[in-house]
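[1] show me the folded form of this:
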Amino acid sequence: MGKAVVIGMGVVAVGLFAGVGVLAFVKSKDKFAEALKPAPPPPPVEPPADARILEDDVEPGMVVGSIVGVRREADRRAIEASYVGTWTPNRGWEGEVVDVTDERSGVALRLFYAQGGMLSSGFYVIAVVPANDQGVQKGDVATVQGRISKLEMLETQPLPTFRVVLDPARVLRNRTRSR
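    Below you'll find the predicted structure:
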């Protein structure tokens, strides 16, 4: 093979590699630009027209209290199941936010309610909101509304932990405490 043929093959090879590199760059640039686009806002969380909504006078302590002291697990599970799928009252439930965490399905606002006379010192309402668009922080007092996805007693030591999970949920009001 002559020198000219080898040089020609080298030029063709460099050209091919350069072309592939340019295509890969353009493709990755498009993916990068797509990744930088802001995500569309989540749809608003509202009870559907046919939702079962708890009466306005139902407080979270009443819901949790319905399973406190129920000895038979089957009875407790039946009570828990009767609440799953219902929505909190239209006015929502107000409580102090003790923690805010990112979860797979959104942001979890953990509200703690101290309750005397229970087997433990209180219980949690965990409201899973699509986004923390109201900037709720630990220590704020938030009013949340949502669909009860879980009502449960967790077997923790030395005392059980009770919680109501609202998923999906929304923040109706947020009062920021002075920091």
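[2] quick one: the strands in this protein?
    Using DSSP state E, the strands of the chain run over 93-103, 106-114, 122-129, 141-154, 161-175.
[3] so what pLDDT did the spatially most central residue of the chain get?
    With distances taken as CA atoms, centre = their mean, Gly106 lies nearest the centre of the chain, 2.9 Å away. We have a pLDDT of 92 for Gly106.
[4] OK, contacts around it?
    Shown in contact with Gly106 (CB atoms under 8 Å, 6 or more residues apart in numbering): 42, 128-131, 167-168. Heads up, the C-betas are built off the backbone N, CA and C, glycines and all.
[5] if we go to 10 Å?
    Counting by CB atoms under 10 Å, 6 or more residues apart in numbering, Gly106 touches 42, 45, 127-132, 167-169.
[6] ok, Val98 - contacts?
    Val98 touches 109-113, 122, 124, 138-139, counting by CB under 10 Å, 6+ apart.
[7] let's see that with 7 Å instead.
    Shown in contact with Val98 (CB atoms under 7 Å, 6 or more residues apart in numbering): 110-112, 138.
[8] which residues touch the residue nearest to Leu54 when sequence neighbours are not counted?
    Distances taken as CB to CB, 6 or more residues apart in numbering place Pro89 nearest to Leu54, at 5.1 Å, with adjacent residues excluded. By CB under 7 Å, 6+ apart, the contact list for Pro89 reads 53-56, 58.
[9] ranking those by neighbours, who comes first?
    Leu54 (18 neighbours; other CB atoms under 10 Å).
[10] surely that residue and Thr86 touch.
    Yes. Between Leu54 and Thr86 there is a contact under CB atoms under 7 Å: 5.7 Å.
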